[in-house]
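Peer 1: Model the following, please.
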Amino acid sequence: MADEMKKLEQELKKFSSRFEKSTNDWMKYVDSESDKVVKFVRDNTKDLSDTIARERKKIELRSQIGEHTRSLNKSYIRLGEAYYESLQSGRKMDDMSDVLTIIDSKRRLVELLNDQLRDLEQKSR
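Peer 2: Numbers count the residues shown, from 1 in each chain. Have a look, this model is predicted:
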């Protein structure tokens, strides 16, 4: 009976040793995989954050382009109305240098904003 107990104790020690080794291996595997998951989440969260910021900037640029284009159109209308009035009345057209200055600056501004938007869109691809 003492021999059987010793055999059982030895078998239990072997089993315990194998169990401990497999548990340690499993824990190492879980640790390494969890590190990979954390890195993946961190990298993709940053990518997502960058994408959201870039899309927000595009929306802001489109809004500014629309706003300045509307202002530019109003200046064109003002210039056209003044030209029409001068033709209808037969008198010389009033000085419109202020309107022309606004048109020039708004056109350049819209062009620059479109360039910025185009750059952002190319970076998105």
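Peer 1: Could you check how far stretch 44-57 is from the centre of its chain?
Peer 2: On the basis of C-alpha atoms, centre = their mean, to the nearest Å, stretch 44-57 sits 3 Å off its chain's mean C-alpha point.
Peer 1: If you could redo that for stretch 53-67, that was the one I meant.
Peer 2: Using C-alpha atoms, centre = their mean, the offset of stretch 53-67 from its chain centre is 12 Å.
Peer 1: what does stretch 60-78 give?
Peer 2: With C-alpha atoms, centre = their mean, you get 25 Å for stretch 60-78.
Peer 1: mind checking pLDDT for the residue nearest the centre of the chain?
Peer 2: In the chain, the residue lying closest to the centroid (C-alpha atoms, centre = their mean) is residue 51, at 2.0 Å. Per-residue pLDDT puts residue 51 at 86.
Peer 1: Same check on residue 101?
Peer 2: In the predicted model, residue 101 carries a pLDDT score of 94.
Peer 1: do the same with residue 72
Peer 2: So, for residue 72, pLDDT stands at 96.
Peer 1: wait, doesn't it sit right on residue 103?
Peer 2: Yes: judged on C-beta atoms under 8 Å, residue 72 makes contact with residue 103 at a distance of 6.4 Å. Quick note: C-beta positions are derived from backbone N, CA and C, even for glycine.
Peer 1: Heading C-terminal from the longest helix along the chain, find the next helix or strand.
Peer 2: In the chain, assigned by DSSP state H, the helix with the most residues is helix 2-89. Toward the C-terminus, helix 2-89 is succeeded by helix 97-124 as the next helix or strand (DSSP states H and E).
Peer 1: quick one, that following helix and helix 2-89 angle?
Peer 2: Angle, helix 97-124 to helix 2-89, by axes from the mean of the first three to the mean of the last three C-alpha atoms, to 10 degrees: 160 degrees.
Peer 1: chain center to helix 97-124, what's the gap?
Peer 2: That offset, for helix 97-124, works out to 22 Å (C-alpha atoms, centre = their mean).
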